[in-house]
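[1] Okay, predicted coordinates and the sequence, questions at the end:
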Amino acid sequence: MEGKIRLEVVTPYGLVFSDDVDEIIAPGSEGEFGVLPNHAPMFTTLKIGMLTYRKGNHTGYLFVNWGHAEVTHDRVLILADSAEKAEDIDVERALAAKKRAEERLKQAEKFDQARATAALERAVTRTKVAEKAK
Ligand code: ATP
């Protein structure tokens, strides 16, 4: 569509989001980056964070977990390890994952600390993104 960007968010679990939007802000591993229509083509990696898009006067939020983004002049394809729309985030589940990760971080000899740190970051970020849906 003229003057729009097709945003697609895909994970191994399925298609999470697909729509024509006006603007995107994504959590690049080197920092947030913004995309407007006719952006120069680029390819970048993503970190755990919040993706924001604007469609007219609606702003939407998604949680994204690692992966990469492929930007062409009229499309942004996000391939993430996992992702959810803010309104689809199960906050109870994220809080349980946070508690589990915190317990694991206290038992360095028993649990992989890098894995627990990443799980904690996912859980905390999910709760923050879910707040945006309120
Ligand atoms: P958990 O320990 O609760 O499984 P996780 O961070 O290990 O959390 P992921 O590996 O990132 O989970 O995701 C596995 C699948 O579960 C994905 O489809 C993801 O979208 C979904 N998922 C994980 N946590 C939530 C949540 N709080 N709300 C909704 N979907 C979730």
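    Perfect, thanks for sending it. Numbers count the residues shown, from 1 in each chain.

[2] Mark out where each domain of the protein begins and ends.
    Split into domains by automatic domain parsing, the chain comes to 5-87, 89-132.

[3] hey, which of these is tucked in deepest?
    domain 5-87 (a mean of 17; mean count of other C-beta atoms under 10 Å). C-beta: built from backbone N, CA, C; applies to glycine.

[4] any idea of the mean pLDDT for it?
    Over the span of domain 5-87, the pLDDT mean works out to 97.

[5] Next up, the contacts around the residue nearest to residue 113 when sequence neighbours are not counted.
    If the residues on either side of it in the chain are set aside, residue 113 comes closest to residue 105, at 6.5 Å by C-beta to C-beta, 6 or more residues apart in numbering. Under the criterion of C-beta atoms under 8 Å, 6 or more residues apart in numbering, the contact list for residue 105 reads 111, 113, 116, 117, 120.

[6] partners of the host helix or strand of residue 76 in the sheet?
    Under the assignment given by DSSP states H and E, the secondary-structure element containing residue 76 is strand 75-79. Partner strands and pairing direction for strand 75-79 (DSSP bridges) are strand 5-11 (parallel), strand 68-72 (antiparallel).
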